[in-house]
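Undergrad: here is a sequence with its predicted model. Questions after.
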Amino acid sequence: MVGCVIVFENTIIAEGYTSPYGEAHAEVNAILSIRDPKVLEKSTLYVTLEPCSHFGKTPPCSDLIIAHKIPRVVIGCLDEHEKVCGKGISKLKAAGCEVIVGVLETECKIHHKRFFTYHSKRRPYIILKWAESKDGFIAPLSKTEIKPVWISNLRSRQLVHQWRAEEQAILVGANTIVMDNPRLTTREVQGQNPIRIVIDIKNTLPRSSQVFNSEAKTIKLTKSEIDPNKPLAAQVSKALYLNKITSVIVEGGQKTLQAFINEGLWDEARIFSSETYLKEGIKKPQLKSIPVKETLIDSDSLKIILND
């Protein structure tokens, strides 16, 4: 999400952020929120990403900045999209606007990592997530009820639901639906439910599964999108890209997670390690990387790994 603020005489007079897909951009929302547009002629506009210069779902933001005679624009980072990529900056400079680029550039690039990944790698930003027991299992071999067996604690589960609210989609394989019948929602926190992606190559999952309820949109990937004889993660990534999914949390099961790891198609891994012992069960995915961050969530340990 792009962010924009407008400053007049060392005071922030407007703020804006990107509206849902196809609607107004951050700069537009900030500019149009000002009651007296005349002050814009003596203001500075700060924006995390280069203003667009082309007609897409909306008119170019650079044209609106020029039309309001904003004399100075400070940009966090360039937009790497081929339709922009410096063109917005060039248009602003040609109109006489002072443009400064690269302020908090690293922070802005991290903030926009989903956007950059989607356009440069033609796939979503992929987050792998699982919880493992002290003895290295992510689920028991069998159980008496069709519902999840919680390995992580309540605070960790609430954090996962917060993450779900922050990403566009969540993905699981068919076996997870059969064994756990999950809802894949954000019910533990306040936030928008992600789009639910289910890999169901054989198209055999019952419509009564909770993942098909009305709480959120669900996209099912079947043999139309997935050839079982070809690498799974690459096909899933392509299907999500074509569905305009910019970020996804892959939550299971083990085979699905391992497929993304083996094919190198992931950006972050978020792994909870609990004090619970299962003694036997489904082994955790194999990922040999050094965590960049490790945090205690009550009795759980949370490791964050980046695929640099």
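TA: Sure, I can see it.

Undergrad: ok now stretch 30-46, how far from the chain's centre?
TA: Relative to the chain's own centre, stretch 30-46 is displaced by 31 Å; criterion: CA atoms, centre = their mean, to the nearest Å.

Undergrad: give the buried residues for that stretch.
TA: For stretch 30-46, the neighbour count (16 or more other CB atoms under 10 Å) marks 30-31, 34, 39-40, 43-46 as buried. From N, CA and C alone the C-beta is placed, and that goes for glycine too.

Undergrad: closest to D300 out of those residues?
TA: Y46 (38.5 Å; CB to CB).

Undergrad: that closest one against I65, yeah?
TA: No: using CB atoms under 8 Å as the test, Y46 is too far from I65 to be in contact (11.8 Å).

Undergrad: okay, and the common contacts of the two?
TA: The contact sets of Y46 and I65 overlap at V73 (CB atoms under 8 Å, 6 or more residues apart in numbering).

Undergrad: so which of the buried residues of stretch 30-46 sit within strands?
TA: Counting by DSSP state E, these place 44-46 in strands.

Undergrad: quick one: low-confidence parts of the chain?
TA: Residue ranges of the chain with pLDDT under 70: 21-22, 56.

Undergrad: need the longest helix for it.
TA: In the chain, with assignment by DSSP state H, the single longest helix is helix 154-166.

Undergrad: that helix: which residues count as buried?
TA: Quick answer for helix 154-166 (16+ other CB under 10 Å): 156-157, 159-161, 163-164.

Undergrad: might one say that I6 is in contact with I13?
TA: Yes: the pair I6 and I13 qualifies as a contact (CB under 8 Å) at a distance of 5.5 Å.

Undergrad: overlap in contacts, the two.
TA: The overlap between the contact sets of I6 and I13 (CB under 8 Å, 6+ apart) consists of 34, 43.

Undergrad: who touches A165 in this structure?
TA: Taking CB under 8 Å, 6+ apart as the criterion, A165 is in contact with 186, 189-194.

Undergrad: okay, which residue is most central for the chain?
TA: Nearest to the mean C-alpha position of the chain, by CA atoms, centre = their mean, lies S247 at 3.3 Å.

Undergrad: measure that residue to I197 for me?
TA: As judged by CB to CB, to the nearest Å, S247 and I197 stand 12 Å apart.

Undergrad: identify the contacts common to the two.
TA: By CB under 8 Å, 6+ apart, the residues touching both S247 and I197 are A169.

Undergrad: beta partners of S247?
TA: Assessed by DSSP bridges, S247 has beta-bridge partners Y125.

Undergrad: tell me who's in contact with it.
TA: 114, 118, 124-127, 167-169.

Undergrad: mind checking how far stretch 4-23 is from the chain centre?
TA: Centroid displacement of stretch 4-23 relative to its chain, using CA atoms, centre = their mean, is 22 Å.

Undergrad: neighbouring contacts of that stretch?
TA: The contact list for stretch 4-23 (CB under 8 Å, 6+ apart) reads 1-3, 24-31, 33-34, 39-40, 42-48, 57-58, 70, 244.

Undergrad: repeat that for 7 Å
TA: Contacts with stretch 4-23, where a contact means CB atoms under 7 Å, 6 or more residues apart in numbering, come from 1-3, 25-30, 33-34, 39, 42-47, 57.

Undergrad: please flag which of these sit within helices.
TA: Short answer: these in helices (DSSP H) are 26-30.
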